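J.: Take a look and give me a structure for this.
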Amino acid sequence: MTKRNRTLLFLTLCLLFFLLTPPLILYSLGYAIDFEKKKIVQTGAIFVSTEPGEVSVFMSGKQKGKTGIIFKKLFKKNILPKTYSIELKKDGYYSWQKNLEIKEKLTTEIRDVFLLQENPQKQIVFEKSIKGFYPSPDNKKIAYLTAENQIGVLNLENKSEKSVLGAEKMDELVKLAWSENSKKIYLKTSLKKVFSNYVWQEETENIIELDKIVSKKTYNPVEFSWHPKDSNQIYFIDAQKDDDYLNKLNLADGIIIPKIIRSFKNYYFFGDSIYFLEKTSGIIFQTDFEGKSPKKITVQAVPDYNVKNGEYQFFIFPQTIGVIDEKRDFYVLDSQTQLFKKTGENISDIKISDDSKKLLFFGPNEIWVLYLEDFFIQPLKYKWDKDLIGRFSSPIENSFWCPDSEHILIANQNNIKITETDGRDVRNTVNFLTGISPYFSKPDKQIYFIDQGKLYSAKL
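T.: Numbers count the residues shown, from 1 in each chain. Now for the predicted structure:
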């Protein structure tokens, strides 16, 4: 190489060094050239976590990588700040899409995305035509009501069946509740408008007629509820002329402990306690399972309380108390002010998330989420923030939390939908299954549901 060529090469390399070094230094410091705006800007980043893994991440049509197989996450930095159409794709699954803004010096988070299979495999669980089913607490058995008004129990492990109550005993099933140990069932039935109360015992396959036991003592039972810790004991409301009383019946020896709670509107089991709404004052009290040493939990009566009003429902949660009054208005207790806050109207039911940080509540056509604490991950939420999850033209049959506490299952018009709590841009919602009365079993991660009278299951 001649001296002239060496000099030209040296000068060329120097020029390249001076041209490329500043952009590279700026890039390493989180800067980039925005050619659309014709200026240097600080970049942002994106963080994605998905279930399952190996999900392709696209930003405005360009693939940026995949979430991992094991950790199921992706982090990309040095992204120009602007709004991108972000899409998450995996073969055989519904895609996820939102328009989200990448901001300077910040990371846009897309956490806990749950992609659903496009064609979920559903398996028939029970061949008989049924009207309803009731899983046991241990999720190993299902009580069912046939189209002929017969009640039976299906063992999910060995597929064996046991008969519980024949159609001759009832023309309507009013209530069915499993005991805590999943070995007994309480039944309230109606036959020609006459109510009857029974307990079925799996070990002996015998039926105990509760009305015969309590009627000997001149009690007037109107409602039974299992002891939450002891399956040999069952509570019942005794409606007398002067007042209502809560009594406890020991199924083993037939002994009744009367008047555990006196003069109440409603009661609720939580932890090792019974909570009850005192009838005269409208204040919520707490007592033990024997009704000893009751203490006040609220300092004021529930809102607009009137002793002559209809029935109140209330719910005890780790972080608050919820009340639904006779008008179906929903209130929650602010633990700091000890005042009830009106949160919803025309509410059917309330469900707490598995992480105990959010309340799901819904009425005939709307579903809402109330946040019980601050969330400093995106999207940011603060205590008592309330989100409208969805509004539907047809009635909502039921709604409950998925196990991750970030997705919600909705039963509506013979469809089982799953939607997300992330309300940025649009809420990704999938019509996952066709059917009614869905129930999620946590141990085997199966959704059980009825479709055309048959009981099916599908993996979530």
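J.: Following the record's annotation, map out the domains of this structure.
T.: With domains defined by automatic domain parsing, the chain comprises 3-27, 43-114.
J.: measure the last one end to end?
T.: Taking Cα to Cα, to the nearest Å as the measure, domain 43-114 stretches 28 Å from start to finish.
J.: Also stretch 226-244?
T.: 18 Å.
J.: what's in contact with that stretch?
T.: For stretch 226-244, the surrounding residues in contact (Cβ atoms under 8 Å, 6 or more residues apart in numbering) are 177-181, 183-184, 186, 197, 199, 210, 214, 219-225, 245-252, 258, 260, 262-264, 269, 272, 279, 289. C-beta: built from backbone N, CA, C; applies to glycine.
J.: Can you say which of the residues you listed are buried?
T.: Taking 16 or more other Cβ atoms under 10 Å as the criterion, what is buried in those is 177-179, 184, 186, 197, 199, 210, 214, 219, 221, 223-225, 245-249, 251, 260, 262-264, 269, 289.
J.: List the contacts of the helix or strand in which residue 277 is found.
T.: Using DSSP states H and E, the element containing residue 277 is strand 273-278. Strand 273-278 is contacted from outside by 246, 260-261, 263-269, 283-289, 291, 294, 297, 302, 312, 314, 316, using Cβ under 8 Å, 6+ apart.
J.: picking up where we left off before, tell me which of the contacts of stretch 226-244 fall in helices.
T.: Under the assignment DSSP state H, the contacts of stretch 226-244 contribute 210, 214 to helices.
J.: Tell me where the stretch 151-300 of the chain has strands.
T.: 151-155, 161-165, 172-178, 184-191, 194-201, 206-209, 221-226, 233-239, 244-250, 256-262, 264-270, 273-278, 284-287, 295-296 (DSSP state E, counting those that start in this stretch).
J.: between those strands, which gets nearest to residue 449?
T.: Nearest to residue 449 among the strands of the stretch 151-300 of the chain is strand 151-155 (14.8 Å), distances taken as Cβ to Cβ.
J.: what about stretch 283-299, average pLDDT?
T.: In this model, stretch 283-299 has an average pLDDT of 95.
J.: Same question for it: list its buried residues.
T.: Quick answer for stretch 283-299 (16+ other Cβ under 10 Å): 283, 284, 285, 286, 287, 289, 291, 294, 297, 298.
J.: Same check on stretch 41-52?
T.: For stretch 41-52, by 16+ other Cβ under 10 Å, it's 42, 43, 44, 45, 46, 47, 48, 49, 50.
J.: can you check stretch 318-325 too?
T.: Buried residues in stretch 318-325, counting neighbours by 16+ other Cβ under 10 Å, are found at 320, 321, 322, 323, 324, 325.
J.: Skipping adjacent residues, who's closest to the second one in space?
T.: Right, the one you point to is residue 321. Once flanking residues are discounted, residue 321 sits nearest to residue 333: 4.2 Å by Cβ to Cβ, 6 or more residues apart in numbering.
J.: so the one you found touches residue 301, yeah?
T.: No - the criterion here is Cβ atoms under 8 Å, and residue 333 misses it with residue 301 at 12.0 Å.
J.: These two: who's more crowded?
T.: Neighbour count, other Cβ atoms under 10 Å: between residue 333 and residue 301, residue 333 has more, with 23 against 17.
J.: Quick check: bridge partners of the more buried one?
T.: residue 340 (DSSP bridges).
J.: pLDDT wise, what is it at?
T.: pLDDT at residue 333 comes out at 95.
J.: Tell me who's in contact with it.
T.: 298, 320, 321, 322, 323, 339, 340, 341.
J.: Spit out the contact partners of the residue nearest to the spatial centre of the chain.
T.: In the chain, the centroid-proximal residue (Cα atoms, centre = their mean) is residue 401; its distance is 1.9 Å. Residues counted as contacts of residue 401 (Cβ under 8 Å, 6+ apart) are 351, 352, 353, 354, 358, 360, 407, 408, 409.
J.: For it, which non-adjacent residue is spatially closest?
T.: residue 353 (4.8 Å).
J.: Give me the distance between residue 103 and residue 74.
T.: 18 Å (Cβ to Cβ, to the nearest Å).
J.: These two: which is more packed in?
T.: Comparing residue 103 with residue 74 by other Cβ under 10 Å, the one with more neighbours is residue 74, at 21 against 16.
J.: in which helix or strand would I find the more buried one?
T.: Element membership for residue 74, per DSSP H and E: strand 73-79.
J.: Also residue 343?
T.: Counting by DSSP H and E, residue 343 is found in strand 339-344.
J.: List the contacts of residue 245.
T.: Residues in contact with residue 245 (Cβ under 8 Å, 6+ apart) are 237, 238, 258, 259, 260, 261, 262, 263.
J.: what's the answer for residue 202, then?
T.: 153, 162, 183, 184, 185.
J.: Pretty sure the first one sits against residue 159.
T.: No - contact status for residue 153 versus residue 159: not in contact, 11.7 Å apart, counting by Cβ under 8 Å.
J.: Which one's more surrounded, the two?
T.: Relative neighbour count places residue 153 above the other of residue 153 and residue 159, with 20 against 9, counting by other Cβ under 10 Å.
J.: So which residues make contact with stretch 54-69?
T.: By Cβ under 8 Å, 6+ apart, the list of residues contacting stretch 54-69 from outside reads 46, 48-50, 53, 72-74, 76, 79, 84-90, 93, 113, 115.
J.: how about a cut-off of 6 Å?
T.: Identification of contacts with stretch 54-69 by Cβ atoms under 6 Å, 6 or more residues apart in numbering yields 48, 50, 53, 73-74, 76, 84-90.
J.: next one: stretch 149-167
T.: For stretch 149-167, the external contacting residues (Cβ under 6 Å, 6+ apart) are 126, 140, 141, 142, 143, 144, 145, 148, 170, 200.
J.: who does the helix or strand hosting residue 388 pair up with?
T.: For residue 388, the host element (DSSP H and E) is strand 386-391. Using DSSP bridges, the strands paired with strand 386-391 in its sheet are strand 366-371 (antiparallel).
J.: Much appreciated, bye for now.
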